[in-house]
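1. Sharing a sequence plus its predicted fold:
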Amino acid sequence: MPNPDPHVQIARKLQSMETAKVELVRQVAEVLHAIQRGSEREMTQTLGGVVAVTYFLAHQLGLSFTAVDRAAAEGLPRSLLVDAVDVADFETIQRHLGTTR
């Protein structure tokens, strides 16, 4: 039976969020290592891990998955959009996420 003490529940939630933040940083480091190794399988797995931890953290923070998806579609840094190919890639991501600008 879960402990109904609100202080314990808050402490557990904070611990869970701290663990998720550390895992997110670890996953990003793993993505960079996978890119260095050039393994498509590892890159896919580690990028998937980043996405999964991001959704987990969003849930822990009480954020809507839809809002996170919308922010992802709109949030690609413009500094990455150097040429027409980058813009086309960005538009592909937006379509994938089901949003339009």
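-> Cool, got the structure.
2. what's the longest helix in this structure?
-> helix 6-37 (DSSP state H).
3. Counting by contacts, list what that helix packs against.
-> Helix 6-37 sits against helix 40-60, with contacts defined as 3 or more C-beta pairs under 8 Å, 6 or more residues apart in numbering; DSSP states H and E. Any C-beta I mention is one placed from the backbone N, CA and C, and that applies to glycine too.
4. before we move on, the earlier item: ok now the longest helix of the chain, how far from the chain's centre?
-> 11 Å (C-alpha atoms, centre = their mean, to the nearest Å).
5. mind giving me the domain ranges of this structure?
-> With domains defined by automatic domain parsing, the chain comprises 1-63, 64-101.
6. Reformat these into TSV and put mean pLDDT and mean neighbour count next to each item.
-> What follows is those, written out as TSV (pLDDT from 0 to 100; neighbours: other C-beta atoms under 10 Å):
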stretch	mean pLDDT	mean neighbour count
domain 1-63	92	13
domain 64-101	78	12
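7. what kind of secondary structure is Leu76 in?
-> Here Leu76 is recorded as coil under DSSP: H, G, I helix; E, B strand; the rest coil.
8. list the contacts for Phe56?
-> Phe56 makes contact with Ala20 under the criterion C-beta atoms under 8 Å, 6 or more residues apart in numbering.
9. Leu57 against Leu24, yeah?
-> Yes: counting by C-beta atoms under 8 Å, Leu57 does reach Leu24; the two are 6.4 Å apart.
10. Let me know whether Val50 touches Gln27 as I believe.
-> Yes: if you go by C-beta under 8 Å, Val50 and Gln27 touch, sitting 4.7 Å apart.
11. Please list all residues in contact with Ser64.
-> Counted by C-beta under 8 Å, 6+ apart, Ser64 has contacts Ala58.
12. now Gly49
-> 27, 30-31 are the contacts of Gly49 under C-beta under 8 Å, 6+ apart.
13. Go again with 10 Å.
-> 23-24, 26-28, 30-31, 34 (C-beta atoms under 10 Å, 6 or more residues apart in numbering).
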